[in-house]
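1. starting from these lines, generate the structure:
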Amino acid sequence: MRKAIALLVVVTFVFGFALSSFATGHMKAEEVKGTVTKIEGNKLTIKQADGKETTVEVKSTKGIKVGDNVTVKNGVVKKQEEKQKQGETKKEEKPKKKKAVEGC
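-> Below you'll find the predicted structure:
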């Protein structure tokens, strides 16, 4: 009888540990970066840099269109700004110098 109870306790702990490990692995935040290839409701299909296509469910697809470069983390979509648009170079703006005023 004691062996049966001890075995039951051990099996319960092992089973509980396995379930908790599975639950935390499922909740890990995954970040997906790439180009949107397809939009279906709140699901985006994203082609990553390595060529893999991944379908991700997001909270909102407002403002997202096919061809946008995006990052998805925890169901939130953020557009990635293009570093340089075709033929355009971004100027770095320097703060304007204040002119000295005489007589103050």
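
2. center of this protein - which residue?
-> In the chain, the centroid-proximal residue (C-alpha atoms, centre = their mean) is Lys73; its distance is 1.9 Å.

3. how many neighbouring residues does the spatially closest residue to that one that is not a sequence neighbour have?
-> Of all residues not flanking Lys73 in the chain, Glu31 sits nearest, at 4.4 Å (C-beta to C-beta, 6 or more residues apart in numbering). Using the backbone N, CA and C atoms, a C-beta is placed for each residue, glycine as well. Using other C-beta atoms under 10 Å, the number of residues around Glu31 comes to 8.

4. also the one 10 residues further on?
-> When counting by other C-beta under 10 Å, one arrives at 8 neighbours for Gly41.

5. repeat that for the one 10 residues further on.
-> Using other C-beta under 10 Å, Gly51 has 7 other residues around it.

6. quick revisit: for the residue nearest to the centre of the chain, name its beta-bridge partners.
-> Beta-bridge partners of Lys73, counted by DSSP bridges, are Glu31, Val76.

7. that's all I had, so thanks and see you.
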